[in-house]
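Novice: Got a predicted structure plus its sequence, pasted below:
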Amino acid sequence: MSQRKTILQGRLDFGNAASYGKVKKLFDLRLDAYYKGEFGLKDPEYFDDETFIFSIPRLVFQWNDKTWKTTVEGLEYLASYAISGQIEVYQSENGVIHRKNIISPDNEKLAVSEYKKGEACIKSKNPNWSEALTALNEAIHTYDAHVEALEYRGRVMMHMCQWEEAKADLNRAIAIYPGAYKAHYWRAMVYYHLQETERSLLDFETSVKKFSGIAADSLVGQTWKKPLPDRFRSLRRCYQRTEIICW
């Protein structure tokens with residue numbers, strides 16, 4: 001069975017000791033009963049008993065289709081118990097992304113459902129920023145370490161031109177999870193609007209490096225090998241392609 005280069009990174013936050021302990025115990029049983037050695041992650045240290053988080057640093061493997069399917073199913077099972085987080089899995093062939101899977105919580109927990117409601121409001125063809133803010137506020141009120149909700153609320157604050165509030169949310173997201181490349185990206189935009197060009201470039205480059213560290217076979221990082229003036233012009237073009245309308 002042919003194998004492809006597989007890159008994954010991310011985290012799932014279970015929020016408290018009870019949820020964490022339950023899913024860890026159940027997952028150990030599934031490893032033997034269902035996955036039968038085909039789950040692609042063998043290291044038990046991905047589970048952190050102090051923070052109640054399942055965390056994967058950037059990892060690179062050679063996986064066949066069966067290992068991909070089994071591992072993605074296993075990660076989706078873990079995500080069904082989580083309160084926040086996201087794991088990205090990419091598979092490439094000959095330098096081209098073959099497939100990807102974005103794994104995140106999808107359950108009836110209030111923080112999860114309110115976050116997903118806010119996310120849907122923003123991603124809609126006609127975004128409803130007010131409803132998004134209400135939902136994201138509820139998600140963060142329920143679980144104040146919800147990195148993705150903080151990222152999206154930061155975007156809402158940007159849309160409302162509340163730059164300091166946006167920066168505060170994005171700062172919190174990055175403090176909780178330094179690998180949050182989307183938070184670095186949006187904070188770069190905040191710094192740009194605050195005319196803090198050097199900080200803007202630094203954050204944007206950090207975002208690209210962290211993202212390309214996941215999707216290492218894409219060309220997303222090539223722009224950032226250019227000299228500073230060219231990078232800044234590329235940054236401007238990137239900003240101009242976003243949906244942020246208040247300049």
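Specialist: Looks like it arrived, so ask away.

Novice: doesn't Ile53 make contact with Leu12?
Specialist: Yes - with contact defined as CB atoms under 8 Å, Leu12 counts as touching Ile53 (6.8 Å). From N, CA and C alone the C-beta is placed, and that goes for glycine too.

Novice: any shared contact partners between the two?
Specialist: The contact sets of Leu12 and Ile53 overlap at Gly85 (CB atoms under 8 Å, 6 or more residues apart in numbering).

Novice: Neighbour count: these two, which is higher?
Specialist: Each of Leu12 and Ile53 has its neighbours counted (other CB atoms under 10 Å); Leu12 has more, 27 against 20.

Novice: Need the CA coordinates for the helix or strand hosting that one. CSV is fine.
Specialist: For Leu12, the enclosing helix or strand under DSSP states H and E is strand 4-13. Extracted in CSV, the C-alpha atoms of strand 4-13 (Å, rounded to 0.1, in the frame of the first residue of the first chain):
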residue,chain,number,x,y,z
ARG,A,4,2.3,9.7,1.4
LYS,A,5,4.0,12.4,3.4
THR,A,6,1.7,13.4,6.2
ILE,A,7,2.0,16.5,8.4
LEU,A,8,-0.1,17.3,11.4
GLN,A,9,-0.2,19.7,14.3
GLY,A,10,-2.7,21.1,16.8
ARG,A,11,-4.3,20.7,20.1
LEU,A,12,-7.6,19.6,21.7
ASP,A,13,-8.5,21.2,25.1
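
Novice: Could you list the buried residues of that strand?
Specialist: Of all the residues in strand 4-13, those buried under the rule 16 or more other CB atoms under 10 Å are Arg4, Lys5, Thr6, Ile7, Leu8, Gln9, Gly10, Arg11, Leu12, Asp13.

Novice: quick check, nearest of the residues you listed to Ser207?
Specialist: Top of the list for closeness to Ser207, among these and by CB to CB, is Gln9 at 13.8 Å.

Novice: Go ahead and confirm that closest one touches Val60.
Specialist: No - under the criterion of CB under 8 Å, Gln9 is not in contact with Val60, lying 9.8 Å apart.

Novice: any idea how far Gln86 is from Ser55?
Specialist: 12 Å (CB to CB, to the nearest Å).

Novice: how about the residue nearest to Lys117 when sequence neighbours are not counted, what does it touch?
Specialist: Among residues not flanking Lys117 along the chain, Ala135 sits closest, at 4.1 Å (CB to CB, 6 or more residues apart in numbering). Residues counted as contacts of Ala135 (CB under 8 Å, 6+ apart) are Glu114, Tyr115, Lys117, Gly118, Cys121.

Novice: Which of the residues you listed fall within helices?
Specialist: Among the contacts of Ala135, the members falling in helices (DSSP state H) are Glu114, Tyr115, Lys117, Gly118, Cys121.

Novice: Please, where are all the helices along the chain?
Specialist: Taking DSSP H as the test, the helices found in the chain are 17-30, 65-79, 110-123, 129-142, 147-159, 163-176, 181-193, 197-214, 228-240.

Novice: Fine, thanks again, bye for now.
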